[in-house]
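1. after the sequence you'll find the predicted model.
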Amino acid sequence: MTWTGVCDYDHLQPECGVVALLGGEQVALFRTFDGALYAIGNQDPFTGAFVLSRGIVGTRGGIPTVASPLHKQVFDLRTGACLDDGSRHVPVFPVRRRDGRVEVGLGAE
Amino acid sequence: MVGQRLVEALRDRDAERRWRVTVLSEEPRRAYDRVNLSAYFDGAGPDDLDLVPDGCYGSGGYELRLGEAATSVDRTARTVTTSRGDTLRYDALVFATGSYPFVPPVPGADLPGCFRYRTLADLDAIAAAARHAAATTRGRRAGLVVGGGLLGLEAARALRLLGMSPHVVELGPRLMPLQVDEGGGALLRKMIADLEVTVWLGTSVRDIKRDGARMLATLADGTELDLDVVVFAAGIRPRDDLAREAGLAVGPRGGIAVDEACRTSDESIYAIGECACASGRVYGLVAPGYAMAEVAADRLTGGAAVFSGADVSTKLKLLGVDVASFGDAFATTPGALEVTVNDPVARSYSKLVVSDDAKTLLGGVLVGDASRYGVLRPLVGRPLPGDPLSMIAPAGTGPGAAGLPGDAQVCSCQGVTKNEICAAIRDRGLADVAGVKDATRAGTGCGSCVPTLKTLLAESGVAVSTALCEHFSLTRAELFEVVSRERIATFTELIERHGRGRGCDVCKPVVASVLASLGHGHILEGEQAALQDTNDQFLANIQRNGTYSVVPRIPGGEITPEKLIVIGEVARDFGLYTKITGGQRIDLLGARVEQLPAIWRRLVDAGFESGHAYGKAVRTVKSCVGSAWCRYGVQDSVSLAVELELRYRGIRSPHKIKAGVSGCARECAEAQSKDIGVIAAEDGWNLFVGGNGGFRPRHADLLLAGVDTATLIRTIDRFIMFYIRTAGRLQRTAAWLESLGGGLDYLRSVIVDDRLGIAAELDAAMERHVAGYRDEWAAVLADPVKLRRFVSFVNAPGVPDPSIAFSSERGQPRPVDLPVPRRLAVVSQ
């Protein structure tokens, strides 16, 4: 697996997602209120549109979530599972903070 | 019915609209309730029997073609040919063709005056014959129903309602031989005979002849009956002809053979309802058909639901007589015991079938009084709560709904358990039977479980929950009060004091709207940005492919040629699709996030500002051309519309607010369909409020008549501010007005007569809004921090999103859809 830096940690506003383009892959990045980082696929599996980074970030039963901005299905930021429809999920990516930078891990471990 | 149920189940499950559905209906009318056909002669019109909810077709990829039958299926090409010569391609096909009435091979069965009992067209024909008989036959008119089952007794009811004396001929030894045992049948016959229905059992019709204007039927025992009509209701046969021609496997006695997924021998073809043969059995009841529709819908959306046979329990009111049959009604289980209470005086027959140790309920029959069906049927296969006789004894109390196990099915038509109903009551704060029906579908089939639903509601002792979501137990109006009173300025402060968790897509936009209404600066300032829906976050409207549309404000719909030219140039230079909106402005669609600031820059430089088309905010004030130009106009509607739009622009509210001003009573601005409508009169302005277009249209109500402009504006100020303060989340003014106790009179007393003493506060709030207004687009352009969000990729800000592509249509761009929707054809009767 290779780690790729995408932006400064301070660039991420809490609970406001951004997208990174990594070798053709669109990765939605979120910094939650407690400072944690999450990275999931940006494509909404219900509509095919690449929009999840623009969803509202929050919690459901304590789980950190993002809601699709198109039809509001809610996804678990930790696992990518859709909490409203068990048959759908989005990929998750390893993400870390290193020297003030946000890095996303890609490729086999 | 079953095809319609499939469509509704699919609409529920296929939220992302992967299926494009075409329903071919042989009959020229929408699906209707065949179970209650005789109600047609009891005052019910076709609309009362209609089963199709508003908005079911014509949107979301659902198309209904009436009077267009499927004529052939080509499984290799995967096409269906229709009676209008159209050929439809399909990825999946569902047969819901139902059944046709079985007509025994009786000589004369095809004579005029012989009818079937299946469709509304059949009923119309029977009614016409009855009218003809009334005009020509002297004395009592009579009709013969062939078949003494469920359908036959329904047909007998229909004939009675048409003023005829019915005869019923049944080959079996009792009425309803499939549902009722001998003892129950005896009471049923007696009660039916008391209703002046002549019952002939154990015999059949030998032949039917015309006898002048009337008909003569001879029974097998030689009895001759003088009749006006003959109605065949002797059972049904599955309509599997089209499937047979297409080479699909069928059951031994007909019916399209299906597996537990309701799939036929061709894996892309399903069959549901009376046309299907599941495990060698064809079901002639609606509940199993509905269960199959749910299974097929689940499978089409990737699920693994299974149809493993269905409960054929029924409870009916036939000719006013209650009849119920459930479980092993005929005691076919080895060792089964029958406990019977037969009271011919009280006209009640009850039988329970129990296991050999008398501890488990296996089934039963109830005739005359079926009030205990609702609690007995869910207990089938379970331990009886007491001695069987006490369950049906006249003095016995019977089991209560509280005694039902949680996983017992309360509604067998829709397959809903007690646990599911109680959970819905609890979690969704349901307070009445209508709410339970909506949420769970329980009680929407035969209705026999409605008394149990009432009991469960009562036993739950629920109070209606008004919590916004899991994070706040307050309503929107209460949140508004709290934020206002405690001068709360951020979401974090609010949720730490009055909520829990970190919010969601329900509560965050509400809080964002409340903060904006109370004047907390730009909606993207600091933490507020994270509360906004994507539309407010990007100050534009998201479209299906993730691009946005831009709508500059054009107050009152009035625009100069220079500004029109700028809009045209911007659209041309950024490759945007343009369309005139219903609110008299111009929508520019297809902008990528990183293009938005450049588009705004051009528009703002030309004197435009945000039109707030993206916000729950005041949208437009539509106007007609008014007295400046129109020869009929009595007031200057354009000037007033411009003034109102500029006054209220940018104000955030529980939902969007639309307004209109018409210059005379001809009402060309359609003001009465708006939240705020003003119509000019000779002596001033008439103010209407609470109108709505859209999903549930509502005409606005007249609040004030013949007022001057200052009074008009002051009243609208207060109307808007009172609405913002007290309405629920996403509640339009129409629903809000209807929810106000005292309605329009109360509203008038508050905002005109100041009954609550809050008018000065409302006026001051509006003054603050007007004074504090700033264009949201210009503010973003002036702020590098806010501009930072308007990039495609955080690590490649200049690279456009490669997933966004356009084709060309009528000289303009059109988004290329990302997923390919799959197509489904439903063939129904």
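-> Thanks, I have it.
2. OK, now which residue of chain B is nearest to chain A?
-> Nearest residue of chain B to chain A (Cβ to the nearest Cβ) works out as B:Leu818 at 2.9 Å. Heads up, the C-betas are built off the backbone N, CA and C, glycines and all.
3. what residue ranges in chain A score low on pLDDT?
-> Applying pLDDT under 70 to chain A flags residues A:108-109.
4. who in the stretch 201-350 of chain B is up against chain A?
-> Residues of the stretch 201-350 of chain B found near chain A (Cβ under 8 Å from any Cβ of the partner chain) are B:Thr301, B:Gly302, B:Gly303.
5. now that we have these, which one has the most neighbours?
-> Ranked by neighbour count (other Cβ atoms under 10 Å in any protein chain shown), these have B:Thr301 at the top, with 19 neighbours.
6. residues contacting residue 56?
-> Just so you know, I chose chain A. A:15, A:66-67, A:69, B:503-505, B:508-509, B:530-533 (Cβ atoms under 8 Å, 6 or more residues apart in numbering or on different chains).
7. let's do chain B instead
-> B:Cys56 sits next to B:Gln4, B:Val7, B:Glu8, B:Arg11, B:Tyr62, B:Leu64 when contact means Cβ under 8 Å, 6+ apart.
8. how many residues are close by the first one?
-> Burial of B:Gln4 is recorded as 24 neighbouring residues (other Cβ under 10 Å).
9. next: the fifth one.
-> Neighbouring residues of B:Tyr62 were enumerated by other Cβ under 10 Å; the total is 22.
10. across the sheet, point out what pairs with it.
-> B:Val21 (DSSP bridges).
11. need the pLDDT of it.
-> Looking at B:Tyr62, its pLDDT stands at 89.
12. give me the distance between it and B:Arg544.
-> Distance from B:Tyr62 to B:Arg544, counting by Cβ to Cβ, to the nearest Å: 17 Å.
13. leaving out the residues flanking it, which one is nearest to the residue of chain A found nearest chain B?
-> Across chain A, no residue is closer to chain B than A:Gly48, which sits at 2.9 Å (Cβ to the nearest Cβ). Nearest residue to A:Gly48, sequence neighbours excluded (Cβ to Cβ, 6 or more residues apart in numbering or on different chains): B:Leu818, at 2.9 Å.
14. before we move on, the earlier item: tell me, how many residues neighbour the residue of chain A closest to chain B?
-> 19.
15. as TSV, the residues of the stretch 201-350 of chain B next to chain A with distance to B:Cys664, pLDDT and secondary structure would be great.
-> Shown next, in TSV, are those (distance: Cβ to Cβ, whole Å; pLDDT from 0 to 100; DSSP: H, G, I helix; E, B strand; the rest coil):
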residue	distance to B:Cys664	pLDDT	secondary structure
B:Thr301	53	90	coil
B:Gly302	57	88	coil
B:Gly303	58	89	coil
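16. quick check: A:His11 touching B:Val794?
-> Yes: the pair A:His11 / B:Val794 is scored as a contact, 6.9 Å apart, by Cβ atoms under 8 Å.
17. between the two, tell me which one has more neighbours.
-> Set side by side, A:His11 and B:Val794 show more neighbours around B:Val794, with 22 against 15, by other Cβ under 10 Å.
18. so who does the more buried one touch?
-> So B:Val794 contacts A:Val6, A:Cys7, A:His11, A:Val18, A:Val19, A:Ala20, A:Leu29 (Cβ under 8 Å, 6+ apart).
19. so which of those are also by chain B?
-> Answer for these near chain B (Cβ under 8 Å from any Cβ): A:Val6, A:Cys7, A:His11, A:Val18, A:Val19, A:Ala20, A:Leu29.
20. surely B:Pro797 meets B:Arg789?
-> No: judged on Cβ under 8 Å, B:Pro797 makes no contact with B:Arg789 at a distance of 10.8 Å.
21. between those two, who's got more neighbours?
-> Neighbours were counted for B:Pro797 and for B:Arg789 using other Cβ under 10 Å; B:Arg789 has more, 20 against 11.
22. surely that one is in a helix?
-> No: counting by DSSP: H, G, I helix; E, B strand; the rest coil, B:Arg789 is not found in a helix; it is coil.
23. contact partners for it?
-> Neighbour list for B:Arg789: A:Cys16, A:Val18, B:Leu524, B:Ala529, B:Gln537, B:Phe538, B:Val593 [criterion: Cβ under 8 Å, 6+ apart].
24. now, those residues that are in helices?
-> Per DSSP state H, helices hold the following members of the contacts of B:Arg789: B:Gln537, B:Phe538.
25. show me which pair in the contacts of B:Arg789 is furthest apart.
-> Spatial extent of the contacts of B:Arg789 (Cβ to Cβ) is set by the pair A:Val18 and B:Leu524 at 14.7 Å.
26. ok so, going back, ok, of the contacts of B:Arg789, which one's closest to B:Ala439?
-> B:Gln537 (32.0 Å).
27. contacting residues around that closest one?
-> For B:Gln537, the contacting residues are A:Cys16, A:Arg54, B:Leu524, B:Ala529, B:Arg789, by Cβ under 8 Å, 6+ apart.
28. now swap in B:Leu188 and tell me
-> Applying Cβ under 8 Å, 6+ apart to B:Leu188 gives the contacts B:Arg174, B:Leu175, B:Met176, B:Val180, B:Val321, B:Val323, B:Val367.
29. so it: helix, strand or coil?
-> helix.
30. separation between it and B:Ser749?
-> According to Cβ to Cβ, B:Leu188 stands 60 Å off from B:Ser749.
31. ok, back up a step: and the contacts of B:Cys56 as a markdown table, adding secondary structure?
-> Shown next, in a markdown table, are the contacts of B:Cys56 (three-state DSSP):
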| residue | secondary structure |
| --- | --- |
| B:Gln4 | helix |
| B:Val7 | helix |
| B:Glu8 | helix |
| B:Arg11 | helix |
| B:Tyr62 | strand |
| B:Leu64 | strand |
